[in-house]
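Predicted structure and sequence below. I'll ask about it afterward.
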Amino acid sequence: MSPLRGVPAALLAAAAAAAATTAAPALPETRGWHRVTTGEISVIGATSARQTARIATELTRFREMLGRVTRGFELESDLPTVVVVFRNDKQLEPYKLDAAGKPKHISGFFLERPYRNVIALDASAGHRPSRIVYHEYVHSLLQSNFERLPLWLNEGLAEFYSTFEYRESAGRVEVGHAIEGHVRELAQRGLMPLGELFDTTTRSPTYNEARRQGVFYAQSWLLVHYLVATDERRTRFGRYLAALAGGADPDASLEAAFGGVQELTGALREYLRRGSGHFWFAIDEEREPRARPEPEPVPPGEVLLELGRLLSERGPDHAAAAEAHLLAALGQGGPRAPAFTALGFVKESAGAMAEAAEAYRKATAEAGAGAEAYARHARFVVERFIDDNPEATGSFEGDGRLAEARALFRRSLELEPRGVEALAGLGKVLLIEGRDPAEGLAVLSRAASLRPFRVDVLHDLVCVLAETGRARAAWAMVADRIEPLDDGGGVARSARNWIVAGIAQRAQARLHDGDRPGALVLLDEGLEFVDDVELRERLEYSRGLVAGDPAALRRPVPVEAGADTAHLVELMNHAGALANQGRLEEALAVLEPPLAECGNAALCERMAAIAGEIRDVLDHNRLIARYNEAVGLLNEGRREAAIERLRALQREAGEGKVRDRVRELLERLGER
């Protein structure tokens, strides 16, 4: 029921991370780089000033054109996009290595990250680099607006928009030019059934087998081309996208907008037979003055910083390379706050938590620290708190780390009020602390409005709604917004557990205040809408305890001499509240003394079971703490001491997740 995590997420030690990290490449040539920034787009290139400026100008016009094609639906992004343009494949190669240190056969890639989107591309690929830029940029916008999108539509839109051209001399933008390879592919192989196209996922042979992949991309492009080829269809297409953004079923929405599969198949075949042309939009220069971004040279330290950040965002496999770039950036006078922020992320990804903490502290101590530095530092502090308090839920207001994280998140939001990561993080901190639910509701609602498909944000928003007594609304939100996005069902289950626990706790609070009727009303209201069998049983059990009804225990309860059912119920509910707050030792101290002279067999059996569960959690936490101590020894370079600690822990842990983690780490260290 925790809004945090059920088990502490101890990262594998630096030794394990180092084994999977690719070697640091030689530092790049840093002369001759240029930067052009326009709006949310920043282009940094090893290309000429003119070519860098042209890419930035075209991207600006590209953004202006999107809403005209998807009429009625605007593709928006509140994240900056950084485009790193390499002169050729040789220059790009060190930045596209796979986990084994071998270069991938790609001419560019896109990374969607919490604080920015990144596109890297080889300017020498093809006759112009723009198609790669546009294709990947569309993917970034689609991912900002849709949690899920049919694969054909995702790739079809990206391919369709990739043909964009800006004709400055004519004062217009063009889109929909034929892609010769796609036309040739369809002419040779024909159309695949639309049902197969619609059912294709990233795991389908249609997408992964080279021979079939060509038809998939070509037909996805053609279908999108057909759907937006006229003013009337563009309007319907905009409504279709709006329905998808609202969570509507893709197939049903497409049929509602454009007809059934049979009708659409016939229209598409005729469209392919007749051929299609591009279309263009004039630019109103008075209303939309031409953007003329001026390129500027980029100092070596900033070049190294951007490339180091690019590597850091590739993942832990690139930690050594990222660190080499970032340290070199600092050595050559690069911006200190973003360099230390990226270093903190690199160290954290590698499991070097002490070094990560130091880097984050240095980042936020710099005068020029930005919103990302404060938000990453705050998130790091919260994650470490959660590792130490995996079941923490409320009444942690006095913890200094949470106060520190709260202040860091607030500072981040002062610098960037729309920062989703800071809003989500601040909301989580307020939820953990159990303070100011009104503010928690406000910041999480704001985060959910900016990222309506983030299940972690929706989960915490549900928790706050439950905390503020709006359990019915919270339950509906789980069904309407979390369940459709939750593949494994774990987030929805956690949220529902939280709602039911909240109802029981508020009922207990009323009972403690002497308002038994009010407590029963709360529980009865919950039973009206809670339709999960197990959770209903928990509410019914709680109602029976509040009502003092032994039948709720599902067995006859002999009321023997000396038994005080109401008192035992109060003690058990109080212990439950302590456990839900993470105060497990205190909860155990409440439960164990009455068990020695308990006159209510069934109720005390239940209390003993709860006490046993709490002891199991405490034992688990103790094992996790010892595992983390061993990881700390590894991070300090004390390999033999760490292995000795892990072997002892392996003998003691028995079967379970801790033993599995210990065995895995020992194997990574070459110990059996």
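Here it is on my side, so go on.

quick one: the strands in this structure?
Remark: strands assigned in the chain by DSSP state E are 34-38, 41-45, 81-86, 108-112, 117-122, 165-167, 172-175, 279-282, 296-297.

If you count neighbours, what's buried in stretch 434-447?
By neighbour count on 16 or more other CB atoms under 10 Å, the buried set for stretch 434-447 is 434-435, 437, 440-447. In this view, the C-beta of every residue, glycine as well, is placed from N, C-alpha and C.

With stretch 513-531 instead?
For stretch 513-531, by 16+ other CB under 10 Å, it's 519-520, 522-523, 526-527, 530.

quick one: which of these is nearest residue 66?
Taking CB to CB as the measure, residue 66 sits nearest to residue 530 out of those, at 43.8 Å.

And the pLDDT at that closest one?
Residue 530 carries a pLDDT value of 94.

Check the gap between the nearest residue to it once chain neighbours are set aside and residue 605 for me.
Nearest residue to residue 530, sequence neighbours excluded (CB to CB, 6 or more residues apart in numbering): residue 536, at 5.3 Å. Going from residue 536 to residue 605 by CB to CB, to the nearest Å gives 22 Å.

Also residue 333?
Distance, residue 333 to residue 605, using CB to CB: 70 Å.

do the same with residue 625
Separation of residue 625 from residue 605 (CB to CB): 31 Å.

Then residue 279?
For residue 279, the distance to residue 605 - CB to CB - is 75 Å.

now do residue 44
Distance, residue 44 to residue 605, using CB to CB: 67 Å.

the more surrounded of those two?
Per other CB atoms under 10 Å, whichever of residue 44 and residue 605 has more neighbours is residue 44, with 23 against 15.

ok, the closest residue to that one other than its chain neighbours - contacts?
Among residues not flanking residue 44 along the chain, residue 35 sits closest, at 4.7 Å (CB to CB, 6+ apart). The contact partners of residue 35, by CB atoms under 8 Å, 6 or more residues apart in numbering, come to 42-45, 52, 295-298, 302.

In the stretch 301-450 of the chain, where is pLDDT below threshold?
Within the stretch 301-450 of the chain, the stretches with pLDDT under 70 are 390-399.

For the residue nearest to residue 530, the count of nearby residues, please.
By other CB under 10 Å, the residues close to residue 536 number 14.

Please tell me I have it right and it contacts residue 529.
No. Using CB atoms under 8 Å, residue 536 is not in contact with residue 529, being 10.1 Å away.

For the spatially most central residue of the chain, give me its contacts.
In the chain, the residue lying closest to the centroid (CA atoms, centre = their mean) is residue 454, at 6.6 Å. Applying CB under 8 Å, 6+ apart to residue 454 gives the contacts 420, 424, 447-448.

Quick one: buried ones out of these?
By neighbour count, with 16+ other CB under 10 Å, those hold 420, 424, 447-448 as buried.

Would you format the residues you listed as a markdown table with distance to residue 95 included?
Shown next, in a markdown table, are the buried ones among the contacts of residue 454 (distance: CB to CB, whole Å):
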| residue | distance to residue 95 |
| --- | --- |
| 420 | 27 |
| 424 | 29 |
| 447 | 32 |
| 448 | 35 |
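
Of those, which is the nearest to residue 579?
residue 424 (26.1 Å).

wait, isn't the closest one in contact with residue 440?
No. Residue 424 lies out of contact with residue 440 (CB under 8 Å); the separation is 11.1 Å.

what's the farthest-apart pair in the buried residues of stretch 434-447?
Every pair of the buried residues of stretch 434-447 checked by CB to CB; the farthest is 434 and 446, at 20.2 Å.

So which bits of the longest helix seen in the chain are buried?
Assignment by DSSP state H gives helix 601-635 as the longest helix of the chain. Buried residues in helix 601-635, counted by 16+ other CB under 10 Å: 601, 603-604, 606-607, 610-611, 614, 617, 620-621, 623-624, 626-628, 630-631, 633-635.

Lowest-scoring secondary structure element of the chain by mean pLDDT?
Ranked by mean pLDDT, DSSP states H and E, the weakest helix or strand in the chain is helix 14-19, scoring a mean of 33.

tell me the contacts of residue 345?
Counting by CB under 8 Å, 6+ apart, residue 345 makes contact with 312, 356, 376.
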